[in-house]
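Visitor: Build me a model from this:
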Amino acid sequence: MNATYPFAAMVGQQDMKLSLILNVINPGLSGVLIRGEKGTGKSTAARALAEILPEIEVVDNCPFNLAPNECASALCQSCTVAECGFTRAEGGQPKSHARPVKVVELPVGATEDRVVGAIDLERALKEGEKHFEPGILAQAHRAILYVDEVNLLEDHVVDVLLDSAAMGVNTVEREGVSFSHPARFTLVGTMNPEEGELRPQLLDRFGLCVLVQGLSNANDRVEIMERRLAYEHDPEAFARSYDDASRQLTAKIRQARERWPLVQADRQIMLRIARACLQVGVDGHRGDIITLKTAKALAAWQGRLSVDAADVDRALELVLPHRVRRKPFEEVAATGSPFRAA
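Guide: Numbers count the residues shown, from 1 in each chain. The predicted structure is shown next:
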């Protein structure tokens, strides 16, 4: 299997790369929607993101990708997987191992049961025993859930994804029988607007939204060609040449994730956010909340423990484009300066 194209080797597309990193720092941002024409690196960036993330500790053979400290829940007590590290635990300590974060891809034709999982109702009714067949959301816990052509998915499936991304839990209910499991993941959706838009209600559920286009600088385009040819000639050697840059990114992300809970934003910062959202006519309060979270993630990424005005202005550029009121048939606004706070 060829080495993944390194995230650190991507040329340009700063908004896209920053949005992905911010969602890793704080998965509570509810994901990022990357809109753009074909051939602009959307899929490459999403798949490469896992290569720069710190390794995670996972219980052996756990179908829900749980960390050892998550095993005290009722979920593990009722688990029927005989090979699970929790069931073979010695002295109450589950067997676990470290592994890289995975990129879980959701196919366009996936059904709701394939996404959320399925409850065996016959066993539940006859034997009084819950038996749950995990779905894609179980695989995506503590991972990156990548949805290509998200605009072509059924609306109710997209809604389920966004609900789980926001709540961090997947709950399946069938005929009065319910089952819940953790589902905290970084949601990355990509789409080509020429193939149709998402409904505004679904657009608003994505935390961040960026528009990517082909680069306009000739030297940058040449750099892309040269790097791509070098990668195709020898993927492993090309990936190794970016090992140092990838390790630096990984370390910076790890530090930012540890720093994020400590970042503070004073009332003046919150007023700046609220006024900016009112100024462009944002409906509801989700935009305000996501902007605050994004500004805090930006501060953590920059190595600070307090949010400043520049963080807010940058966050607004990533959070508001798809939330501004539009006329019928009007396209989603591009990322940029019109969304800066007054």
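Visitor: Identify the residues contacting stretch 292-308?
Guide: Here stretch 292-308 makes contact (C-beta atoms under 8 Å, 6 or more residues apart in numbering) with 18, 21-22, 25-26, 28-29, 207-208, 252, 255-257, 259-260, 262-266, 269-270, 273, 311-312, 314-315, 318-319. Where C-beta positions appear, they are placed from N, C-alpha and C, glycine not excepted.
Visitor: ok, 7 Å please
Guide: Stretch 292-308 is contacted by residues 21-22, 25-26, 28-29, 208, 256, 259-260, 262-265, 269-270, 273, 311-312, 314-315, 318-319 when judged by C-beta atoms under 7 Å, 6 or more residues apart in numbering.
Visitor: That one: end-to-end distance?
Guide: With C-alpha to C-alpha, to the nearest Å as the measure, the ends of stretch 292-308 fall 11 Å from one another.
Visitor: same deal with stretch 137-152?
Guide: Termini of stretch 137-152 sit 19 Å apart (C-alpha to C-alpha).
Visitor: Please identify the buried residues of that stretch?
Guide: For stretch 137-152, burial by neighbour count (16 or more other C-beta atoms under 10 Å) applies to 137-148, 150-151.
Visitor: for stretch 215-231, same thing?
Guide: For stretch 215-231, burial by neighbour count (16+ other C-beta under 10 Å) applies to 215, 224, 227, 231.
Visitor: Report the mean per-residue pLDDT for it.
Guide: Here stretch 215-231 scores 93 as its mean pLDDT.
Visitor: And the next helix or strand past the lowest-mean-pLDDT helix or strand in the chain?
Guide: Lowest by mean pLDDT, DSSP states H and E among the helices and strands of the chain is helix 121-127, with a mean of 59. Downstream of helix 121-127, the first helix or strand assigned by DSSP states H and E is strand 132-133.
Visitor: Residues in contact with the helix or strand that that next one is followed by: which ones?
Guide: For strand 132-133, the succeeding helix or strand toward the C-terminus, using DSSP H and E, is helix 136-140. Contacts of helix 136-140 with the rest of the structure, by C-beta under 7 Å, 6+ apart, involve 63-65, 104, 106, 110, 114-117, 164, 170, 181, 183, 185.
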